[in-house]
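**Q** this one's structure only:
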């Protein structure tokens, strides 16, 4: 009986801690979503609760910018693979995309002040010679 009594406060504490974590995560998600509902042009990324098809890549880059920079520097990663897929890069060319991103990293991310939009323009310029018309 003594063990059960000792476990109750621990269980309550565990629930309280997980509740705080969940609340913090929910607030961060809500804040992030609120911050991205409009771009500097005043144009919304969303239509009917979904990201517009023509805004998917920009939204992805904006929301995953730091992770993308890390993946590009490493020359691989799930964020970079997802970006490639969103940009229409065939799975057979993903490794080439990874290598190009790593090789051109200093061009794609010129400085700490590089914005997600600037990086996306640089990626498109990097890929232009490699796309078939």
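**A** Ah, there it is. No experiment lies behind these values; they were computed from the predicted model shown.
**Q** C-alpha from now on. contacts and neighbour counts both.
**A** Fine.
**Q** any idea how this structure splits into domains?
**A** 1-35, 43-133 (automatic domain parsing).
**Q** The ones you listed: lowest mean pLDDT?
**A** Mean pLDDT is lowest for domain 1-35 among the domains of the chain, at a mean of 46.
**Q** Residues contacting stretch 76-83, please?
**A** 57, 60-61, 64, 67-68, 71-72, 94-95, 98-99 (Cα atoms under 8 Å, 6 or more residues apart in numbering).
**Q** Kindly reformat those residues as CSV and extend each row with neighbour count, secondary structure and distance to residue 105.
**A** Output for the contacts of stretch 76-83, formatted as CSV (neighbours: other Cα atoms under 10 Å; DSSP: H, G, I helix; E, B strand; the rest coil; distance: Cα to Cα, whole Å):
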residue, neighbour count, secondary structure, distance to residue 105
57, 19, helix, 18
60, 17, helix, 18
61, 21, helix, 15
64, 15, coil, 16
67, 15, helix, 13
68, 24, helix, 11
71, 19, helix, 10
72, 25, helix, 6
94, 17, helix, 16
95, 15, helix, 15
98, 21, helix, 10
99, 16, helix, 10
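**Q** Redo these as a markdown table? Include distance to residue 111.
**A** Listed next are the contacts of stretch 76-83 as a markdown table, based on distance: Cα to Cα, whole Å:
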| residue | distance to residue 111 |
| --- | --- |
| 57 | 21 |
| 60 | 20 |
| 61 | 16 |
| 64 | 17 |
| 67 | 16 |
| 68 | 15 |
| 71 | 16 |
| 72 | 14 |
| 94 | 25 |
| 95 | 25 |
| 98 | 20 |
| 99 | 20 |
